[in-house]
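S.K.: Give me coordinates for this.
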Amino acid sequence: MQYALARYGKSKVIWNMLSDEQIIEVFKALADPNRLRLFELLLQSDQTNSELIVTTGLRQNLLSHHLNVLMSCGLVQGHRSIGDARRYYYSVNFRITCQMRQWWGIKTPECYPASMMLRQPQRVLFLCLHNATRSLFAEIIARHLFSGALIPYSAGLQEANTPLPPVALQVLAERNLPAHPLIQKNYTSLVGQAFDYVITVCDVVHEHDLVPELAQARCLHWSLVDPLDSAHDQAGQLTAARTLFEELTLRIAFFVQRLAYEEIPVKVT
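M.R.: The predicted structure follows:
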């Protein structure tokens, strides 16, 4: 993952070190099998309370307890859906996860070289409502930083009615990544193509039934906010766009790393 981040930042990302107390709290949180499973599930896809109840079979009060422990140590974070405010999405805090990885890397040698190459590159569709900043950022990051692992596409459920905002173009320019020849498109333009994964990056899309043409793929959800909805002024939107780019880079890096480890043959002893 550090290799992938270095490609757009021209240097390795060094995170602030966690304190000993934070390290202890993270290990204590993951020492429970239910919390470990919740963390594993959220590493793959953001989920709501009700989705986690269905997936894990935990009672509401027990689930809430375990989520509170994971949130108190910083491993998990949550926010209300931008589509339906009654829903509350939980997701992994990838900054804390990176800080834990950095701490562990200092303590132990690398036992398996991190590789962003897959023997079988995966076809991934990043889907949002209008194929705007979130899904296009994801496609650009995957195409330019993880080209050996992913064959990325992006699309919207509805017709795009606005161009990529200037703050998004500025973030791409800061990282020397081209916005062209990518174009905003409706998912219907991709009908007939097979995808290994469909990753929704918009709560509104996730909270509606996926169209049958895309439902054959494995579906994941990343609950992300459009930079234009995060602030009213351009400076705030630019900050949000930079944060979104960083968040997507981390999420895609962890996603590819998981795929790479799944390709490792299991040794029978």
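
S.K.: my guess is residue 254 contacts residue 91, does it?
M.R.: No: taking contacts as C-beta atoms under 8 Å, residue 254 lies outside contact range of residue 91: 11.4 Å. In short, each C-beta sits where N, CA and C put it, glycine included.

S.K.: so where do the strands sit in the protein?
M.R.: Applying DSSP state E to the chain gives strands spanning 47-48, 76-80, 88-92, 122-128, 150-156, 197-200, 218-221.

S.K.: Which neighbouring elements make contact with the fifth one?
M.R.: When you say that, I think you mean strand 150-156. strand 122-128, helix 133-145 (3 or more C-beta pairs under 8 Å, 6 or more residues apart in numbering; DSSP states H and E).

S.K.: Identify all contacting residues around it.
M.R.: Contact partners of strand 150-156, identified using C-beta atoms under 8 Å, 6 or more residues apart in numbering, comprise 118, 121-132, 135-136, 138-139, 142-143, 146, 182, 184-187, 189-190, 193, 195, 252, 256.

S.K.: and the residues you listed, which are buried?
M.R.: 118, 121-132, 135-136, 138-139, 142-143, 146, 182, 184-185, 187, 190, 195, 252, 256 (16 or more other C-beta atoms under 10 Å).

S.K.: With distance to residue 217 added, can I get the helices and strands packed on strand 150-156 in JSON lines?
M.R.: Listed next are those as JSON lines, based on distance: least, C-beta to C-beta, whole Å:
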{"stretch": "strand 122-128", "distance to residue 217": "7"}
{"stretch": "helix 133-145", "distance to residue 217": "15"}
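
S.K.: Using a markdown table, please lay out those together with distance to residue 101 and mean pLDDT.
M.R.: Output for the helices and strands packed on strand 150-156, formatted as a markdown table (distance: least, C-beta to C-beta, whole Å; pLDDT from 0 to 100):
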| stretch | distance to residue 101 | mean pLDDT |
| --- | --- | --- |
| strand 122-128 | 22 | 95 |
| helix 133-145 | 18 | 94 |
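
S.K.: And these: which comes nearest residue 263?
M.R.: Closest to residue 263 of those is strand 122-128 (C-beta to C-beta; 10.3 Å).

S.K.: my guess is residue 93 meets residue 76, correct?
M.R.: Yes: here residue 93 reaches residue 76: they are 6.4 Å apart, a contact under C-beta under 8 Å.

S.K.: re the thing from before, will you turn the strands of the chain into JSON lines that also has distance to residue 240?
M.R.: Below are these laid out as JSON lines (distance: least, C-beta to C-beta, whole Å):
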{"stretch": "strand 47-48", "distance to residue 240": "23"}
{"stretch": "strand 76-80", "distance to residue 240": "13"}
{"stretch": "strand 88-92", "distance to residue 240": "16"}
{"stretch": "strand 122-128", "distance to residue 240": "15"}
{"stretch": "strand 150-156", "distance to residue 240": "19"}
{"stretch": "strand 197-200", "distance to residue 240": "19"}
{"stretch": "strand 218-221", "distance to residue 240": "20"}
